[in-house]
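Trainee: dropping a prediction and its sequence here:
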Amino acid sequence: MNTIVSTSCGFHAVQNALRHPDNVEVLLYDVERNDLRLKELAEQARRSQIQIRATEKKELDKLSAGVRHQGVIVIHTTGLAKPSLPLEEYLTQLERVPLLLVLDGVQDPQNLGACLRTAAAAGVDGVILPRKKGCPITATVMRVAAGGISHLSIFEESNWNRVMTTLKNSGLWIVGTDENAENDIYSTDLVRPVALVLGAEDKGLRRLTRKQCDQVVRIPAVGGIHSLNVSVATGIALFEVLRQRRSPLQK
């Protein structure tokens, strides 16, 4: 298990972090603040026996590394343990129609963190990352994810061919995304068990990954820009799945 020391900055991120108090080391707040919202956070931390310390804004600015902190930060350690079950066994015990997110080599920690935060918001059943071909989960990823990682089952896999075979054998339809694909995502059946695959920022899906997809779709754009940031594309794709599955027209 790898332990990462990280910060959560701002009221929303701190609230998420305090839901898992065993990982929180200390809550820091701007000595100039004395409002009700801060008092409520401090009381929540106090009930969990978390250390609370007032400090100067300049220290918070340094710790936040440019992230807007609103005068409150928690420092926490997070143990990133491997899921208790291998991917194949994990898929067999899911009790609902699965939705998985597969990130094929995302390189930027800001993008990866944003993708993971969106995945948590969409309630995905699992996220699959390549062990060596993409950005690892770092403190920056943790900070941008704003507590989202604690709500996810994350699988870091080395054998990408075996991953795709496992998904197919488990009954998932593998849907890749590519701006040049013929079919668009809105005309694609995503009610079925689905693994959405998004590629790296600059190159998109790797050739072998694309080859193993059951279908490749595009997110249609009408402006002069046809490619989207990977975290934006992740959000659109995941919430299109949710829209289709919750549609009143669904049989």
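Mentor: Perfect, I can see it now.
Trainee: verify the stated contact: Leu99 with Ala122.
Mentor: Yes. With contact taken as CB atoms under 8 Å, Leu99 and Ala122 are classed as touching, separated by 7.4 Å. Quick note: C-beta positions are derived from backbone N, CA and C, even for glycine.
Trainee: okay, and the common contacts of the two?
Mentor: Common neighbours of Leu99 and Ala122 are listed as Leu238, Val241 (criterion: CB atoms under 8 Å, 6 or more residues apart in numbering).
Trainee: neighbour-wise, which of those two wins?
Mentor: When neighbours are counted by other CB atoms under 10 Å, Leu99 and Ala122 differ, and Leu99 comes out ahead with 22 against 17.
Trainee: residues in contact with the residue nearest to the more buried one when sequence neighbours are not counted?
Mentor: Closest residue to Leu99 apart from its sequence neighbours, by CB to CB, 6 or more residues apart in numbering: Val124 at 5.2 Å. If you count contacts by CB under 8 Å, 6+ apart, Val124 has them with Leu99, Leu100, Leu101, Leu152, Leu238.
Trainee: also Thr234?
Mentor: Contacts for Thr234 (CB under 8 Å, 6+ apart) come out as Leu101, Leu103, Ala114, Cys115, Thr118, Ala119, Leu196, Leu198.
Trainee: biggest separation within those residues, which pair?
Mentor: Longest distance between any two of these is 15.3 Å, between Ala114 and Leu196; criterion CB to CB.
Trainee: the more surrounded of these two?
Mentor: With neighbours defined as other CB under 10 Å, Ala114 and Leu196 compare such that Leu196 has more, 27 against 23.
Trainee: assumed that one was part of a strand.
Mentor: Yes. Leu196 forms part of a strand when assessed by DSSP: H, G, I helix; E, B strand; the rest coil.
Trainee: so it touches Ile236, yeah?
Mentor: No. Leu196 lies out of contact with Ile236 (CB under 8 Å); the separation is 10.4 Å.
Trainee: what does Glu40 show for phi and psi?
Mentor: phi -70, psi -40 (degrees, to the nearest 10).
Trainee: got the contact list for it?
Mentor: So, once contact is read as CB under 8 Å, 6+ apart, Glu40 ends up touching nothing.
Trainee: same question for Leu172.
Mentor: For Leu172, the contact set (CB under 8 Å, 6+ apart) comprises Leu91, Pro98, Leu100, Pro193, Val194, Ala195.
Trainee: sort out which one of those residues lies nearest Val74 for me.
Mentor: Taking CB to CB as the measure, Leu100 is the one of those closest to Val74, at 29.9 Å.
Trainee: tell me, how many residues neighbour the closest residue to that closest one other than its chain neighbours?
Mentor: Nearest non-adjacent residue to Leu100, counting by CB to CB, 6+ apart: Ala195, 4.2 Å away. Counted with other CB under 10 Å, the burial measure for Ala195 works out to 27 neighbours.
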